[in-house]
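Asks: Any chance you can model this:
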Amino acid sequence: MSTDTTTTTRGAKAPSESGQLSIVGLLIKYNIFIMLAALIVASSLLSEHFLTVQNGFNLLRQLVPLFLASIGMLLVILTGGIDLSVGSLAAIGGMAVAMLMPAMPFEGAIALICCVLLAISAGALLGAMNGIMVAKFNMAPFVVTLAMMTMARGLAYMLTNGQPVRFDRELSTAQILKTFGSKGLPWLGIPWPIVMIAVIIVVFILILRRTSYGRMTVATGSNETAVRLAGLPVARYKFLAYTICGGLSALAGIVVTSRTSVGTPVTGMALELDAIAACVIGGALLSGGKGSVTNTVIGVLILGLIGNIMNLMSVPAYPQQIIKGAIIILAVLLQGLGNRDAKI
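Replies: Next comes the predicted model:
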């Protein structure tokens, strides 16, 4: 009896040790929330202009394209893939809407809706081509999307011989798009792009949590073999992920164009890298099967806050890249520690 008691006592953790482990576990589990809160506190202390409504709206307005690209990238990553063509498809979307508006036989809101839908469809079509190559022909996502990145960027340059397409000031369709990019709700003053992205974020949160498509997308990346043996169409979920990512990327380019009033083939440069970084910071596994829209949104905010406070402090762009890389490494490290603790 005394031997069993001794063994039990040795195997049990001391209360203080257990408490310390639980605190460390919570810090690792909620590291992105802690990181976001720490950045907000630090930014408010370093700059008196940070906690202002104008700065907040400006920050969120600038992050809308990255929000869109990151949500699309998350869907692809959840299936175990990657999409390097996000930035180039954003350029296609921005160029397409700028070129379509003066070409429409009529003007106004209906014409703008048609132009936007056509531009998004162009991005979705190119994304679907990625999906077909990956899902149907089992080609490596990295290679397929790398090729699409090059081809789409080349197409964006070819459309106007590398020249920017500026809005026609006398065209009512262009004026409506410009108003969308620069104005906001009449009563609250919230910019329209922020309203749009808030709705899109809620929609995709519901899609991933409440629909069979969302659950099967996660399951495809988590255990593709099990999903296939269950008789479910794995290829369809991969195809839809790349298609949706292409459409959201084109919409990101349209948002950029609405803010600058010009469509350029250089739109979205390195956007895919920031989107991947936001997903990774948000805890998404590049091997697939783990990730959430909420955490990805926080990842985007973390990246945005780093750039914002650096700009407010007039810090050059190069240190921002170093700090961004360090935060990505830290996030991946904490993610690995969390997964290891979960297995113990």
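
Asks: F204 reaches I71, doesn't it?
Replies: Yes. With contact defined as C-beta atoms under 8 Å, F204 reaches I71; the gap is 5.4 Å. In short, each C-beta sits where N, CA and C put it, glycine included.

Asks: How far off centre is the helix or strand encompassing A90?
Replies: Under the assignment given by DSSP states H and E, the secondary-structure element containing A90 is helix 86-103. Taking C-alpha atoms, centre = their mean, to the nearest Å, one finds helix 86-103 lying 19 Å from the centre of the chain it belongs to.

Asks: Determine the set of other helices and strands touching it.
Replies: Using 3 or more C-beta pairs under 8 Å, 6 or more residues apart in numbering; DSSP states H and E as the contact definition, the elements that helix 86-103 packs against are helix 53-78, helix 109-131, helix 141-159, strand 165-166, helix 172-182, helix 234-260, strand 262-263, helix 271-281.

Asks: If we use 6 Å, what do you get?
Replies: Helix 86-103 sits against helix 109-131, helix 141-159, helix 234-260, strand 262-263, helix 271-281, with contacts defined as 3 or more C-beta pairs under 6 Å, 6 or more residues apart in numbering; DSSP states H and E.

Asks: between these, which one is nearest to E48?
Replies: The minimum distance between E48 and those falls on helix 234-260, with 26.1 Å, by C-beta to C-beta.

Asks: mean confidence for that closest one?
Replies: Here the mean pLDDT over helix 234-260 is 97, rounded to a whole number.

Asks: ok, now stretch 134-145?
Replies: For stretch 134-145, mean pLDDT rounds to 96.

Asks: list the buried ones in that stretch?
Replies: When neighbours are counted by 16 or more other C-beta atoms under 10 Å, the buried residues of stretch 134-145 are found to be V134, A135, P141, V144, T145.

Asks: Just give me the residue closest to the centre of the protein.
Replies: A centroid search over the chain (C-alpha atoms, centre = their mean) returns S70, at 0.9 Å, as the residue closest to the centre.

Asks: contacting residues around it?
Replies: Contacts of S70 were listed using C-beta atoms under 6 Å, 6 or more residues apart in numbering, and they are A275, A278, T296, V300.

Asks: Just to check, L75 is in contact with A241?
Replies: Yes. The pair L75 and A241 passes the contact test of C-beta atoms under 6 Å, sitting 4.2 Å apart.

Asks: For the residue nearest to G289 when sequence neighbours are not counted, give its distance to Y213.
Replies: Closest residue to G289 apart from its sequence neighbours, by C-beta to C-beta, 6 or more residues apart in numbering: S222 at 3.0 Å. Relative to Y213, S222 is positioned 15 Å away (C-beta to C-beta, to the nearest Å).

Asks: try A124
Replies: As for A124, its distance to Y213 is 16 Å (criterion: C-beta to C-beta).

Asks: Give me the more crowded residue out of these two.
Replies: Taking neighbours as other C-beta atoms under 10 Å, A124 and Y213 compare with A124 leading, 23 against 16.

Asks: Report how many residues lie close to the closest residue to that one other than its chain neighbours.
Replies: Leaving aside its chain neighbours, A124 sits nearest to G247 (3.7 Å; criterion: C-beta to C-beta, 6+ apart). Counted by other C-beta under 10 Å, the residues lying close to G247 total 25.

Asks: Distance check, G247 against G162.
Replies: 25 Å.
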